[in-house]
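> coordinates for the following, if possible.
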Amino acid sequence: MWPLEAQPIEGATDPTYQLKYRIYQDQPQVRVTGTWPDGTKRTRFSEPITKVLPGDLGTHKATVTGTPGVGNRLTIHVDGTWPQGTWFDYEFVTADGKTVKPGQFIDLAPEHMGKTLIGRARAYADGYNTGSFDAAPVTVAKGTIPNVDDLGFNNIPTYGFPWNPSSTPWIRGGPPITSG
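Just a heads-up that it's a prediction; the model follows:
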């Protein structure tokens, strides 16, 4: 049996025991009960085991999805299986580690054009070291201007008259300004 602070650890009755996060930084012992040749039962405790160190969350891969162009959205994802209760935080950083935007996604604006961004995810779980996972860098390109026919402006009401910008006078608080 494996006791912790003189109390048995539930389910820890085999010769080996896989440590759980709940005993992180505690000092478990081994308790052995046996029968001596004369028939008497005796129990012995080991010295406390060195403090249990935090576990490692393992190797995982972070990826950024989306098209890295102005006007688009990039999103950070992390693959893998995680201990129960794991939580994450995300941020987009520059190559020198400066935060551009905290959060799992970024909507790319003109000020991001030409910058190289890295999606960074951090994982936290009780009893484990914090895991940090960086996606491959992406460089933000110019956006593309959509085709005007794709914007849905082809059914705008004219209120009874067609508008012709070359024949419409413009008023600015004085005499009309005419085009052309």
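
> neighbours around the nearest residue to Gly80 once chain neighbours are set aside, how many?
Counting by Cβ to Cβ, 6 or more residues apart in numbering, the nearest residue to Gly80 once its immediate chain neighbours are dropped is His60, at 4.1 Å. No exception for glycine: its C-beta is placed from N, CA and C like everyone else's. Neighbours of His60 under the rule other Cβ atoms under 10 Å: 15.

> any idea whether His60 is helix, strand or coil?
At His60 the chain is in coil, as set by DSSP: H, G, I helix; E, B strand; the rest coil.

> from what I can see Ala62 touches Ser132, true?
No - in this structure Ala62 lies outside contact range of Ser132 using Cβ atoms under 8 Å: 9.0 Å.

> between the two, what contacts are shared?
Jointly contacting Ala62 and Ser132 under the rule Cβ atoms under 8 Å, 6 or more residues apart in numbering are Arg120, Ala121.

> comparing these two, which residue is more hemmed in?
More crowded of Ala62 and Ser132, by other Cβ under 10 Å: Ala62, with 21 against 12.

> beta-bridge partners for that one, please?
On the basis of DSSP bridges, Ala62 is bridged to Val78.

> which residues touch it?
Ala62 touches Ile76, His77, Val78, Gly119, Arg120, Ala121, Phe133, Asp134, Ala135, counting by Cβ under 8 Å, 6+ apart.

> top of these by neighbour count?
Counting by other Cβ under 10 Å, top hit in these: Gly119 with 27 neighbours.

> in the sheet, who's paired with it?
Phe92.

> what pLDDT does it get?
Listed pLDDT for Gly119 reads 97.
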